[in-house]
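**Q** predicted model follows, preceded by the sequence.
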Amino acid sequence: MIEDYKKFDKSIPCPVRTLMDRIGDKWVVLVISTLGEKGTMRFNQLHEIIGDISQKMLTVTLKKLQEDGLVSRKMYQEIPPRVEYTLTAMGESLLPHITGLEQWAVANMSGIQQSRQQYLSAK
């Protein structure tokens, strides 16, 4: 049992905390989910599908995902330049977990909203 607590130890690089810091961002989940569903995409396509993300935030999110090895970026030497993003094998291995979370959210959203309303009305 003591070993279970070591995986969350703040004094060592914790894989769970490190990963959750990255994928806990709503934009990361949306980008991974969109690339998983649609496949290779250009920046403007991603921006259009996600909709309410700013171009700056999409750029930052894609760079973070590249840094972690979850997304690859391919630039073509064309005029105008063409850049495409796709999930890496590691990014694809994360996709079923994100999809499971999405399915759980859809299945439980009405219950969550009901609980929130009850909580707020009890205050």
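**A** Yep, it's here. Residues are numbered from 1 along each chain as shown.
**Q** in the protein, which helix is the longest?
**A** helix 89-122 (DSSP state H).
**Q** which other helices and strands contact that one?
**A** Applying 3 or more CB pairs under 8 Å, 6 or more residues apart in numbering; DSSP states H and E, we find helix 89-122 packed against helix 26-38. C-beta: built from backbone N, CA, C; applies to glycine.
**Q** pull the CA atoms of the helix it packs on into CSV?
**A** Provided in CSV are the C-alpha atoms of helix 26-38 (Å, rounded to 0.1, in the frame of the first residue of the first chain):
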residue,chain,number,x,y,z
LYS,A,26,-9.0,20.8,-22.8
TRP,A,27,-7.3,21.8,-26.1
VAL,A,28,-5.0,18.9,-26.0
VAL,A,29,-7.9,16.5,-25.7
LEU,A,30,-9.7,18.1,-28.5
VAL,A,31,-6.7,18.2,-30.8
ILE,A,32,-5.8,14.5,-30.2
SER,A,33,-9.4,13.5,-30.6
THR,A,34,-9.8,15.5,-33.8
LEU,A,35,-6.6,14.1,-35.3
GLY,A,36,-7.6,10.6,-34.2
GLU,A,37,-11.0,11.0,-35.9
LYS,A,38,-10.0,12.9,-39.1
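**Q** before we move on, the earlier item: may I see the buried residues of the longest helix of the chain?
**A** By neighbour count on 16 or more other CB atoms under 10 Å, the buried set for helix 89-122 is Gly91, Leu94, Leu95, Ile98.
**Q** how far is that helix from where the chain is centred?
**A** Centre-to-centre, helix 89-122 and its host chain are 14 Å apart (CA atoms, centre = their mean, to the nearest Å).
**Q** quick one: buried residues of stretch 70-86?
**A** By 16+ other CB under 10 Å, the buried positions in stretch 70-86 come out as Leu70, Val71, Ser72, Tyr85, Thr86.
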